[in-house]
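>>> I would like to see how this sequence folds:
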Amino acid sequence: MSSIVNGSQTIQHDSLAIIPLGGQGELGQLLWVLSHSGVILLVDAGAAYPSRYLPGVDLLLPNTNFLEANQEKIAALLLTNGHEEHSGAVPYLLRHLNIPRILAPRFVSQLLTQSVVGTGDSEAVDLTACLDTIEFGKDYEIGPFNVEWLPVNNAIADASGLKVESPNGTIVYTSSFKLDQTPVDGHQLDIHRFARAGEKGVTLLISDSAGVEYEGYTASESSLERNLENPIANASGRVFVVFPGTNTHRLQLFFDIASRTGRKVVLIGDSLLKTALSAVVTGNLKYDREIESSLENLDKLKDEEVMIILSGIEDDPLNVLNDLAFSKREEVELKVGDSVVYSGPIMPGKLRFMAGILDQLLSKGVAIFHGYKRGLHVSKHASREELKLMLSLTRPRYFLPAMGEGRHIMHHAALAIEWGMQSDSVFPINNGDILEINHGIARVTGSVEASAVLFNRLQGEKVTTFSVKERKSLSHEGVVTVSFLLGEDRAMVGEPGITCGASGFLLSQEWADCKKEMEEATRALVEHYRIEKIEASLGEIKNAVREATVRIIRHNLQSKPTIHVVAYEVSTSRR
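Below is the predicted model:
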């Protein structure tokens with residue numbers, strides 16, 4: 001007996017199937033499919049954020065084609081934490097799939113009720129009928145599966161992993177984790193439950209790979225407190241703080257620091273406000289309400305009494321910092337004497353981007369404090385020794401490195417083999433691959449469609465690869481518009497207009513010379529059609545001008561911008 005998956009591909013009814021639909025090759029966009037006996041469990045539903053090489057794309061979301069074809073088999077969605085990469089795609093999934101049940105820890109449930117208000121439109125999603133808040137230490141039976149949430153450390157409240165038991169073995173899914181010995185909220189990773197799972201037998205460990213390139217152990221969130229407080233306590237003006245908006249532990253640190261340094265706190269950013277409210281409601285953010293303030297009251301406060309904390313709806317702190325530096329935030333403007341504390345990551349590919357931001361901040365007379373080396377940021381992901389410890393605790397028969405870019409996945413696979421696993425027991429699979437476990441044997445049996453969905457948040461719709469290519473072309477080569485008017489006798493009225501946008505050659509001397517040549521060529525072509533009395537439609541004249549413009553630009557600038565020709569015929573007679 002089998003369950004149809006996609007076309008001719010099948011999954012055996014009595015096997016345990018594991019399929020990643022995102023997160024294997026990128027940071028974020030997590031969505032796992034667990035299938036057994038014709039029942040599907042979904043684990044996490046995350047979004048990722050695109051590089052600048054995908055213009056017009058706000059979010060990368062998991063592909064749901066396979067799930068839409070099999071949605072009658074979906075029993076539940078299990079969420080492990082409230083970070084965007086784990087739960088940011090929930091609104092999108094709910095609009096494309098019939099998910100009868102969503103189970104999540106308390107903070108995640110509260111955050112969902114704040115956040116799931118429509119991806120790209122104003123239509124709200126009703127979660128009351130399907131959202132259940134779980135209790136740690138309790139088992140949940142869902143079809144052939146028995147599920148338990150396992151507390152872990154991360155940078156967010158109620159972070160957890162999963163133990164999923166099935167007739168064909170037990171899966172331990174760590175989610176994003178680290179081993180924090182002094183967590184801000186006092187809740188430690190439950191080593192005993194992971195070890196107990198290992199004693200009973202773990203068939204497959206699916207483990208976080210994002211921190212595998214770092215030796216030793218990841219530092220505790222609480223280790224940041226003194227280093228974060230120093231620049232704030234010593235600042236004579238306003239302090240701006242930029243950090244990942246869903247990091248509830250660091251948010252607590254900043255509120256504590258504000259209280260000790262006599263500053264009022266102003267929160268800016270949708271995701272940050274929702275995180276703070278959810279944390280307060282669930283008891284994960286505690287402070288004296290006297291230190292709250294608002295944008296409306298900023299003018300009433302002295303500069304040395306102000307702490308403004310920012311994050312964005314897309315929860316990308318570096319982009320928020322860029323907007324602040326280049327005066328793109330409508331709510332607030334930097335001034336001389338301000339200080340900025342950036343407590344967030346800087347990915348290797350963004351170092352040049354960060355350098356431009358630093359130059360801009362310093363040119364404004366603003367002090368900037370940032371970086372791992374200053375002790376102003378720590379990762380939320382486990383480093384190599386913690387990853388080895390997780391292997392030692394669970395002692396899995398099979399291992400699946402997960403939740404990272406390609407190099408993270410492969411390095412984690414190598415780490416597991418170095419730890420002692422056999423190479424044929426390690427599966428560094430790709431998005432869409434089907435890993436089946438049956439009678440104790442694991443093997444990759446096929447794949448399903450898993451290419452990311454490109455999504456525009458403002459338009460509330462998918463973005464096609466064609467439109468992305470078109471936007472990339474415009475961003476690299478620009479667009480040139482040639483416009484002119486023709487009178488009754490087809491003579492040009494006035495001068496032709498040449499405009500150019502979004503191009504690197506716009507300010508060059510070559511462009512000025514090229515523009516003059518295009519103006520002359522346009523006048524000459526129009527005059528040629530008039531003097532020679534060539535019968536031609538307005539469209540034919542426009543095509544001739546376009547071809548001449550293309551030749552001139554390619555010869556002078558070696559560029560291929562998009563060319564638009566706008567022409568009108570006007571009448572000068574009066575009736």
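
>>> show me how far the top helix by length along the chain is from its chain's centre.
Across the chain, the longest stretch assigned as helix under DSSP state H is helix 509-531. Computed by CA atoms, centre = their mean, to the nearest Å, the separation of helix 509-531 from the middle of its chain amounts to 47 Å.

>>> likewise stretch 538-548?
On CA atoms, centre = their mean, the centre of stretch 538-548 falls 44 Å from the chain's centre.

>>> please name the strands paired to the lengthiest strand in the chain in the sheet, noting orientation.
What stands out as the longest strand in the chain, according to DSSP state E, is strand 492-501. According to DSSP bridges, strand 492-501 forms sheet pairs with strand 479-486 (antiparallel).

>>> now the strand it pairs with against helix 509-531, angle please.
30 degrees (axes from the mean of the first three to the mean of the last three CA atoms, to 10 degrees).

>>> what sits up against strand 479-486?
492-494, 496-503, 518, 522, 526, 538, 541, 545-546, 549, 553, 561-570 (CB atoms under 8 Å, 6 or more residues apart in numbering). To be clear about C-beta, it is placed using only N, CA and C from the backbone, and glycine gets the same treatment.

>>> stretch 437-451 now?
5-6, 9, 11-12, 14-22, 62-63, 65-66, 168-169, 203-204, 397-398, 425, 427, 429-436.

>>> now find how far off-centre it is within its chain.
Averaging C-alpha positions (CA atoms, centre = their mean) puts stretch 437-451 27 Å from its chain's average.

>>> how about stretch 237-254?
19 Å.

>>> over to stretch 329-336?
Worked out by CA atoms, centre = their mean, stretch 329-336 lies 25 Å from the chain centre.

>>> likewise stretch 188-205?
For stretch 188-205, the distance to the chain centre is 30 Å (CA atoms, centre = their mean).

>>> same deal with stretch 276-290?
Using CA atoms, centre = their mean, the offset of stretch 276-290 from its chain centre is 25 Å.

>>> and for that stretch, what's in contact with it?
The contact list for stretch 276-290 (CB under 8 Å, 6+ apart) reads 82, 106-107, 110-111, 114, 157-158, 185, 248, 251-252, 255-256, 258-259, 265, 267.

>>> now do 7 Å
The contact list for stretch 276-290, computed with CB atoms under 7 Å, 6 or more residues apart in numbering, reads 106-107, 110-111, 114, 157, 185, 248, 251-252, 255, 259, 267.

>>> after whichever strand or helix holds residue 197, which helix or strand is next? Please name it.
Applying DSSP states H and E as the criterion places residue 197 in helix 191-200. Sequence order places strand 204-208 as the next helix or strand after helix 191-200, per DSSP H and E.

>>> which element follows that following strand toward the C-terminus?
helix 225-234.

>>> mean confidence for that following helix?
Averaged over helix 225-234, pLDDT sits at 96.

>>> got it, and stretch 103-121?
Stretch 103-121 comes out at a mean pLDDT of 76.

>>> in the longest helix of the chain, which residues are buried?
511, 514, 515, 517, 518, 519, 521, 522, 525, 526, 529, 530 (16 or more other CB atoms under 10 Å).

>>> who's in contact with whichever helix or strand comes after it?
Using DSSP H and E, the helix or strand that follows helix 509-531 in sequence is helix 538-557. With contact meaning CB under 7 Å, 6+ apart, helix 538-557 is reached by 480, 482, 505, 510, 513-514, 517-518, 521-522, 525-526, 529, 559-561, 563, 565, 567, 569.

>>> the helix or strand just after helix 538-557 pairs with which strands?
Next along the chain after helix 538-557, taking DSSP H and E as the criterion, comes strand 562-569. Note on strand 562-569: by DSSP bridges, its sheet partners are strand 479-486 (parallel).

>>> quick one: the partner strand to helix 538-557, angle?
140 degrees.

>>> now do the buried residues in strand 479-486.
By 16+ other CB under 10 Å, the buried positions in strand 479-486 come out as 480, 481, 482, 484, 485, 486.

>>> how about the secondary structure of the closest residue to residue 229 other than its chain neighbours?
Closest residue to residue 229 apart from its sequence neighbours, by CB to CB, 6 or more residues apart in numbering: residue 257 at 4.8 Å. Three-state assignment for residue 257 (DSSP: H, G, I helix; E, B strand; the rest coil): helix.

>>> now the longest strand of the chain: average pLDDT?
On average, strand 492-501 scores 85.

>>> chain center to it: distance?
In terms of CA atoms, centre = their mean, the centre of strand 492-501 is found 42 Å from the chain centre.

>>> convert the C-alpha atoms of it to CSV, please.
Extracted as CSV, the C-alpha positions of strand 492-501 are listed here (Å, rounded to 0.1, in the frame of the first residue of the first chain):
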residue,chain,number,x,y,z
MET,A,492,9.3,67.8,-34.6
VAL,A,493,7.8,70.2,-32.2
GLY,A,494,10.4,71.4,-29.7
GLU,A,495,13.4,69.2,-28.8
PRO,A,496,13.5,65.5,-28.1
GLY,A,497,13.7,64.4,-24.4
ILE,A,498,16.2,61.8,-23.2
THR,A,499,15.9,60.5,-19.7
CYS,A,500,17.7,57.7,-17.9
GLY,A,501,17.1,55.9,-14.6
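
>>> would you mark the buried spots in that strand?
Applying 16+ other CB under 10 Å to strand 492-501 flags 492, 496, 498, 500 as buried.

>>> farthest-apart pair in those, please.
Taking CB to CB, the two most distant members of these are 492 and 500; they sit 20.5 Å apart.

>>> for stretch 227-244, give me every contacting residue.
By CB under 7 Å, 6+ apart, the residues outside stretch 227-244 that reach it are 250, 253-254, 257, 261, 263, 303-304, 306-311, 315, 317, 320-321, 324, 337-344, 369, 374-376.

>>> let's see which of those end up in helices.
Those of the contacts of stretch 227-244 lying in helices (DSSP H): 250, 253, 254, 257, 261, 317, 320, 321, 324.

>>> run through the bridge partners of residue 444.
Under DSSP bridges, the beta-bridge partners of residue 444 are residue 435.

>>> CA atoms only: put stretch 557-574 into CSV for me.
This file holds the C-alpha atoms of stretch 557-574, laid out as CSV (Å, rounded to 0.1, in the frame of the first residue of the first chain):
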residue,chain,number,x,y,z
LEU,A,557,28.7,52.7,-23.4
GLN,A,558,28.7,48.9,-24.1
SER,A,559,25.5,48.7,-22.2
LYS,A,560,22.0,47.2,-22.9
PRO,A,561,19.4,49.2,-21.0
THR,A,562,15.7,48.9,-21.6
ILE,A,563,14.7,51.4,-24.3
HIS,A,564,11.3,53.1,-24.2
VAL,A,565,10.2,55.5,-27.1
VAL,A,566,7.3,57.8,-26.4
ALA,A,567,5.9,59.8,-29.3
TYR,A,568,2.8,61.8,-29.9
GLU,A,569,1.2,63.6,-32.9
VAL,A,570,-0.4,66.9,-32.1
SER,A,571,-2.5,69.2,-34.1
THR,A,572,-1.7,73.0,-34.2
SER,A,573,-4.9,74.0,-36.1
ARG,A,574,-7.9,75.7,-34.4
